[in-house]
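Chemist: predicted structure and sequence below. I'll ask about it afterward.
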Amino acid sequence: MGKSVLLIEDEPNIIEAISFILSRDGWSVATHSNGHDAVGVVVESRPDIVILDVMLPGKTGYEILRELREAEGLADLPVLMLTAKGQVKDREMAERAGASRFMTKPFSNAEVLEAVRDLVIG
Amino acid sequence: MGRDTLTGSRIRERRAMAGMRQAELAKAVGISASYLNLIEHNRRRIGGKLLVDIATELGVEASLLSEGAEAALIAALGEAAADGTQAGVEVDRADEFAGRFPGWAALIAQQHSRIENLERTAVTLTDRLTHDPHLATSMHEMLTMVTAIRSTAGILAEPGEIEPEWQTRFHRNLNEDSQRLADSSQQLVAYLDRAGDAAASLTLPTEEVDAMLSTHGFRFDDLVDANAADVRKFVQNQPELTSEPSQDMAMTVIRQLLDDARRLPAARLVALVAELGAAPVEIANTAGVPLAVVLRRLAAFSDEVLPAACGLVMCDGAGTLMLRKAVDGFPMPRFSAACPKWPLFQALARPMQPLRQILSVTGRDARSFECYAVADPIGPMRVDAPPLYHSYMLIIPQEARANDGYEVGSTCRVCPSQACEGRREPSLLA
């Protein structure tokens, strides 16, 4: 397939596991682990999909997502949000910020793969 | 008929209840029907033997006609009715109920206040769970670890070959993450254990401090020469203060009252009152101390140096009542917000400016009070930082009822005032 994923997450062992399963599925995976310059990295690398954690050092996932949606040409970029709290409130916030999909931790590998495939290939 | 009735109105009410005609009652007590009519419309004062005679004819206690049942009790019944969900409560007859069954009425009032306390506790505990940053961080940490473990374990458990290098790496990650999960769950359990202890106290610290202060009448002059450790020991020995937060809060208040006592010793205060009367501003100027000190000292010693004990109330800049020394006839709400017309709140708009106002409290007894209020900055001076204020109000009962007193209530729900711009919720007495 050769499609690209950018994983923005700050927990190294989660990065390692998700990178592994996505790479094995044929995705080219790039990772980034802080909130400060996440938007710039997305704008520069133009991935096919972004997996974005909500709790990041420097900037929250919601803020990053809002900025991405305002950036030129990124309004339709598929974004999968990850959060450790599955409350209705968080889901609403993610939707308002423009998330394509929302996933609560702990998720299974199969769920992540399925979501990523769905969002990019449809 | 609301609470704001006078003796005549109550006679009229009782007579109607007894099914007696005006002329009939007038004849029985030996007055003319037209004179009774004037009395019933509160246009003639009534007292003494005539009142006793009318009460006897109507089969009620004379005091029930002259005072009704105790105002505070009726107000409490009104609040209980407002907070309850039971329809058809005879709010308009609370007076009669409290008069005929004072014990039951007191029980309802007591239970209502208990329910209020318990509801507060429930809210406090829920808040603690929802807004506790430590709890939120712990949960987040645990979920993160669980996610990493689940994902890693999922990879290892799948059928098919994984390169040995990756396999070793994932095993190492699994080991690390499970160690971190074990640590954070232990911390969480330890934290929840401690939180359980703190929740053991079922009353709010402010209430406990209130109870302790009123036990001592805001007077701690015996401790003026005690050192800090002794004061702390004294506080720890107060039966009302069941938790550490209450004790800390009490320490703060007592420290201030002791400071007041040093600045304006009892003997000096007695001498100044003898010379100047109940004139807080003059006393403050003569003694060279801030007005707030005088207000607090007068409240503590009013039962000795003034004709009647005075009340005191303090609020912060958000208008939250933080200290209160009760005084007869001037009801102060416990939890709900107070009447916005109190000078206590006007003082916040003009910090450090002493205010004096004669107040009449709405309601049946309509007693008058002379009130002094002042808002003082708290904490040390800071450049370019807005100061915070505490506002104090001394409430001096007046013997005679003032006709031009500014009308204030206690809190909207139990205030009968009809046209008030400050009303924030409907009265159940309207």
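Modeler: Structure's in. What do you need?

Chemist: wait, B:Leu25 sits on B:Ala16?
Modeler: No - the pair B:Leu25 / B:Ala16 is not scored as a contact, 10.5 Å apart, by CB atoms under 8 Å. For glycine as for every other residue, the C-beta is placed from the backbone atoms N, C-alpha and C.

Chemist: these two: who's more crowded?
Modeler: Using other CB atoms under 10 Å in any protein chain shown, the more surrounded residue of B:Leu25 and B:Ala16 is B:Leu25, with 22 against 12.

Chemist: how far away is that one from B:Arg15?
Modeler: Going from B:Leu25 to B:Arg15 by CB to CB, to the nearest Å gives 5 Å.

Chemist: and for these two, which residues touch both?
Modeler: Taking CB atoms under 8 Å, 6 or more residues apart in numbering or on different chains as the contact rule, B:Leu25 and B:Arg15 both touch B:Leu58.

Chemist: for chain A, which segments count as helices?
Modeler: Ranges of helices within chain A are A:12-24, A:38-45, A:61-70, A:88-97, A:109-121, based on DSSP state H.

Chemist: just checking, what packs against the first one?
Modeler: Right, the one you point to is helix A:12-24. Counting contacts by 3 or more CB pairs under 8 Å, 6 or more residues apart in numbering or on different chains; DSSP states H and E, helix A:12-24 packs against strand A:4-8, strand A:28-32, helix A:109-121, helix B:133-157, helix B:164-198.

Chemist: and the residue of the stretch 201-350 of chain B nearest chain A?
Modeler: In the stretch 201-350 of chain B, the residue found nearest to chain A is B:Ala318; the distance is 26.3 Å by CB to the nearest CB.

Chemist: count of residues packed around that residue?
Modeler: B:Ala318 is flanked by 9 other residues according to other CB under 10 Å.

Chemist: which of the helices of chain A comes out lowest on mean pLDDT?
Modeler: Lowest mean pLDDT of the helices of chain A: helix A:88-97, a mean of 82.

Chemist: which residues does it contact?
Modeler: A:54, A:61-62, A:65-66, A:69, A:81, A:83, A:102.

Chemist: which two of these have the greatest separation?
Modeler: The distance between the two most remote of these (CB to CB) is 17.7 Å, for A:Arg69 and A:Thr83.

Chemist: between those two, who's got more neighbours?
Modeler: A:Thr83 (23 against 15).

Chemist: quick one: residues contacting that one.
Modeler: A:Thr83 makes contacts with A:53-55, A:61, A:90, A:94, A:102-105, as judged by CB under 8 Å, 6+ apart.

Chemist: mind running it again at 7 Å?
Modeler: Residues in contact with A:Thr83, defined by CB atoms under 7 Å, 6 or more residues apart in numbering or on different chains, are A:54, A:90, A:104-105.

Chemist: hmm, back to that, buried ones among the contacts of helix A:88-97?
Modeler: Buried members of the contacts of helix A:88-97, counted by 16 or more other CB atoms under 10 Å in any protein chain shown: A:54, A:61-62, A:65, A:81, A:83, A:102.

Chemist: so where do the helices sit in the stretch 251-400 of chain B?
Modeler: B:266-276, B:280-287, B:291-305, B:343-349 (DSSP state H, counting those that start in this stretch).

Chemist: do the same with the stretch 1-150 of chain B
Modeler: In the stretch 1-150 of chain B, the helices defined using DSSP H, counting those that start in this stretch lie at B:7-17, B:22-29, B:33-40, B:48-58, B:62-66, B:71-83, B:94-100, B:102-131, B:133-157.

Chemist: in JSON lines, list those helices along with mean pLDDT and distance to B:Asp376.
Modeler: JSON lines is the format used below for those (pLDDT from 0 to 100; distance: least, CB to CB, whole Å):
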{"stretch": "helix B:7-17", "mean pLDDT": "82", "distance to B:Asp376": "43"}
{"stretch": "helix B:22-29", "mean pLDDT": "91", "distance to B:Asp376": "56"}
{"stretch": "helix B:33-40", "mean pLDDT": "89", "distance to B:Asp376": "49"}
{"stretch": "helix B:48-58", "mean pLDDT": "87", "distance to B:Asp376": "47"}
{"stretch": "helix B:62-66", "mean pLDDT": "76", "distance to B:Asp376": "42"}
{"stretch": "helix B:71-83", "mean pLDDT": "81", "distance to B:Asp376": "30"}
{"stretch": "helix B:94-100", "mean pLDDT": "81", "distance to B:Asp376": "40"}
{"stretch": "helix B:102-131", "mean pLDDT": "83", "distance to B:Asp376": "28"}
{"stretch": "helix B:133-157", "mean pLDDT": "86", "distance to B:Asp376": "33"}
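
Chemist: B:Leu348: which of those is closest?
Modeler: Between B:Leu348 and the helices of the stretch 1-150 of chain B, the tightest spacing by CB to CB is seen for helix B:102-131, at 24.7 Å.

Chemist: please identify the helix or strand for B:Pro239.
Modeler: B:Pro239 is part of no helix or strand when elements are defined by DSSP states H and E.

Chemist: okay, now the closest residue to A:Ile21 other than its chain neighbours: neighbour count?
Modeler: Leaving aside its sequence neighbours, A:Ile21 sits nearest to A:Asn109 (CB to CB, 6 or more residues apart in numbering or on different chains; 4.9 Å). Neighbouring residues of A:Asn109 were enumerated by other CB under 10 Å; the total is 22.
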